[in-house]
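K.L.:
here you go, sequence then predicted model.
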Amino acid sequence: MSMVRKLHPHIAKDLREFLSINNISTKKLVIDLEAETIEDFDDYSVDDILSVAGILKPGEAQELLDHIKESRED
């Protein structure tokens, strides 16, 4: 179970500055201290893609979603 904790304003300011310097503009992130990584946390569903991409044939939405996930991993 995850817990949400309030950041001290100075820490939040320092984090925003760090993210800006590293060209990270996502508002939600997953920070893995063990792996020493920061991962964007944009939760796009198939419905979101359909609303942007228009009407897609069956299977095309999933293909588009898979392509987006692959491109983020690169």
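P.N.:
Perfect, I can see it now. Model, not experiment: these values are computed from the prediction.

K.L.:
name the SS class of the residue of the chain most remote from its centre, please.
P.N.:
Here the chain reaches farthest from its C-alpha mean at residue 57, the gap being 26.1 Å by CA atoms, centre = their mean. Secondary structure assignment for residue 57 (DSSP: H, G, I helix; E, B strand; the rest coil): coil.

K.L.:
tell me the confidence at residue 11?
P.N.:
Per-residue pLDDT puts residue 11 at 90.

K.L.:
after whatever helix or strand it lives in comes which helix or strand?
P.N.:
If you go by DSSP states H and E, residue 11 is part of helix 9-21. For helix 9-21, the following helix or strand on the C-terminal side (DSSP H and E) is strand 29-32.

K.L.:
what's next to the helix or strand just after that following strand, contact-wise?
P.N.:
From strand 29-32 onward toward the C-terminus, using DSSP H and E, the following helix or strand is strand 37-40. Contacts to strand 37-40, defined as CB atoms under 8 Å, 6 or more residues apart in numbering, come from residues 22, 24, 26, 28-32, 72. (Each C-beta comes from the backbone N, C-alpha and C, glycine too.)

K.L.:
fine by me, we can end here.
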